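Peer 1: Could you work out the structure for the sequence below:
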Amino acid sequence: MQTTDPAILTILSVPFEENSYVAYFEGRQDCVVIDPGLEPEKILAVLDEHSLSVAAILCTHGHADHIAGNAALKARWPTAPLIIGEGDAVKLIDPEQNLSAGFGFNLTSPPADQTVREGDVVEFAGFRFQVLDTPGHSTGHVVFVWSEQTLAQVFGGDVLFAGSVGRTDFPDCSFEVLKQSIDEKLFSLADDTIVWSGHGPATTIGKEKQTNPFVGLNARYEG
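Peer 2: Numbering: from 1, shown residues only. As a prediction, the model looks like this:
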């Protein structure tokens, strides 16, 4: 177990303003990359700048803006496993299901090397992530929770945002299911848990419990 908190680097990809993350521990040369986006050259530049190699690629879900960089990373680090929730694995190789076809381009990713579900543990580059199933934005959406040190941190994809939540107007979405995922899975985490969201700034579980207009204590939104 690492005795320090990790370094988290955020790489913003346009046109969907998606956050890709590079997570590593100082003193190590390996890292994990979470949700590689549509501008993988930015991710590669950050990795080169910090002299990091990719130990694993973690995808919270299979929508195009979160998987577009997988191919570039796998081309450079072919032995780094590509990991995604089992319910979203098909989206990697299907432009209709990953929604890229609907935006006018047919994007595919290399297939998953490993699929995960609730209760699984993923260990790479000094991290030990717990996997939680968090459907609602997509059927097989998962989040990766690291809670080995001072502040727990969760790579949350498109479930919970600062002041908002993930879209629920896609074919396999449901606001009711999303809200249940947030209430039962994310809001059960400690209030000071940091949420690294797929879009927008980082937030905390406690802040969103109190103030989120969609799922917070005073929310009135019903989908």
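Peer 1: And the next helix or strand past whichever strand or helix holds L132?
Peer 2: L132 belongs to strand 127-133 when elements are defined using DSSP states H and E. Once strand 127-133 ends, the next helix or strand along the chain (criterion: DSSP H and E) is strand 142-146.
Peer 1: Identify all contacting residues around that next one.
Peer 2: 6, 34, 58, 60-61, 84-85, 88, 116-118, 122, 127-134, 152-157, 159, 185-186, 189, 193 (Cβ atoms under 8 Å, 6 or more residues apart in numbering). To be clear about C-beta, it is placed using only N, CA and C from the backbone, and glycine gets the same treatment.
Peer 1: re the thing from before, give me the buried positions along the strand holding L132.
Peer 2: Neighbour-count burial for strand 127-133 flags 127, 129-133 (criterion: 16 or more other Cβ atoms under 10 Å).
Peer 1: how far does stretch 215-223 sit from the chain's center?
Peer 2: 23 Å (Cα atoms, centre = their mean, to the nearest Å).
Peer 1: for stretch 24-43, same thing?
Peer 2: Using Cα atoms, centre = their mean, the offset of stretch 24-43 from its chain centre is 12 Å.
Peer 1: Make sure P15 is indeed in a strand.
Peer 2: No: counting by DSSP: H, G, I helix; E, B strand; the rest coil, P15 falls outside a strand, being coil.
Peer 1: Distance of it relative to G104?
Peer 2: For P15, the distance to G104 (Cβ to Cβ, to the nearest Å) stands at 12 Å.
Peer 1: Kindly report the same for C31.
Peer 2: 33 Å.
Peer 1: Tell me which of the two has more neighbours.
Peer 2: Between C31 and G104, C31 has the larger neighbour count (other Cβ atoms under 10 Å), namely 27 against 6.
Peer 1: For stretch 177-190, list every residue counted as buried.
Peer 2: Neighbour-count burial for stretch 177-190 [16+ other Cβ under 10 Å]: 177-179, 181-182, 185-187, 189.
Peer 1: Span of that stretch from start to end?
Peer 2: End-to-end distance of stretch 177-190 (Cα to Cα, to the nearest Å): 21 Å.
Peer 1: Make 527 the first number, not 1, from now on.
Peer 2: In the new numbering, first residue 527, that becomes stretch 703-716.
Peer 1: would you list every one of the strands in this structure?
Peer 2: All strands of the chain, identified by DSSP state E, fall at 533-539, 544-550, 556-560, 579-585, 608-611, 640-642, 647-650, 653-659, 668-672, 679-683, 686-687, 690-691, 720-723, 729-730.
Peer 1: Quick check: which helices or strands does the last one pack against?
Peer 2: Applying 3 or more Cβ pairs under 8 Å, 6 or more residues apart in numbering; DSSP states H and E, one finds that strand 729-730 contacts strand 720-723.
Peer 1: thinking V540 is in contact with K568, fair?
Peer 2: No: at 9.8 Å, V540 does not count as touching K568 under the criterion of Cβ atoms under 8 Å.
Peer 1: Neighbour count: those two, which is higher?
Peer 2: The neighbour comparison of V540 against K568 (other Cβ under 10 Å) goes to K568, with 17 against 11.
Peer 1: Verify the stated contact: the more buried one with I537.
Peer 2: Yes: using Cβ under 8 Å, K568 makes contact with I537 at a distance of 4.9 Å.
Peer 1: what is in contact with the two at once?
Peer 2: S546.
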